[in-house]
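Student: sequence first, predicted model second:
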Amino acid sequence: MNCLFCKIIAGEIPSTKVYEDEKIFAFKDINPQAPVHVLVIPKMHIACVDEITEENSAIVAHIFQNIPKIAKLCGLENGYRVISNCGDDACQTVKHLHFHVIGGAKLAEKMA
């Protein structure tokens, strides 16, 4: 598979790891939109939110169970935003499900 995030998980492309367990990998975004900008991804390749099914939804639950821990590891104690882009109109540039955890400063209320 020619997926950038699958290559990061495999260690073929370097990243700044923040958290890893048997199911998920979290690393710093190379183009941060805030002082803290971490991507949390499943190790299983799922293209985007549209591909979440009954069979693979437990991995998404696992991600959300660990996001608070990841946020705390990053020093986010006053709140953060979690975003997932799905498809071209949402500007999803890597077709591997990922959640942006963004914070470290007061974020703009308007998202567009």
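Tutor: Arrived safely, thanks for sending.

Student: hey, where'd the helices end up in the protein?
Tutor: With helices called from DSSP state H, the chain shows them at 4-9, 57-73.

Student: pick the most buried one from these.
Tutor: helix 4-9 (a mean of 18; mean count of other Cβ atoms under 10 Å). Backbone N, C-alpha and C define where each C-beta goes, glycine included.

Student: just checking, what packs against that one?
Tutor: Helices and strands touching helix 4-9, by 3 or more Cβ pairs under 8 Å, 6 or more residues apart in numbering; DSSP states H and E, are strand 24-28, strand 36-42.

Student: if we use 6 Å, what do you get?
Tutor: Packed against helix 4-9 by the contact rule (3 or more Cβ pairs under 6 Å, 6 or more residues apart in numbering; DSSP states H and E) you find no helix or strand.

Student: quick one: distance of it to the chain centre.
Tutor: Put simply, helix 4-9 sits 12 Å off its chain's centre (Cα atoms, centre = their mean, to the nearest Å).

Student: now it: average pLDDT?
Tutor: Averaged over helix 4-9, pLDDT sits at 96.

Student: how about stretch 85-103?
Tutor: Averaged over stretch 85-103, pLDDT sits at 95.

Student: any chance of the helices of the chain in CSV, with distance to Ile102 too?
Tutor: Shown next, in CSV, are the helices of the chain (distance: least, Cβ to Cβ, whole Å):
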stretch, distance to Ile102
helix 4-9, 18
helix 57-73, 10
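
Student: low-confidence ranges, the protein, go.
Tutor: Regions of the chain meeting the criterion pLDDT under 70 cover residues 1, 112.

Student: about what we covered before: who wins for proximity to His37 among the helices of the chain?
Tutor: Proximity to His37 (Cβ to Cβ) singles out helix 57-73 among those, at 11.7 Å.
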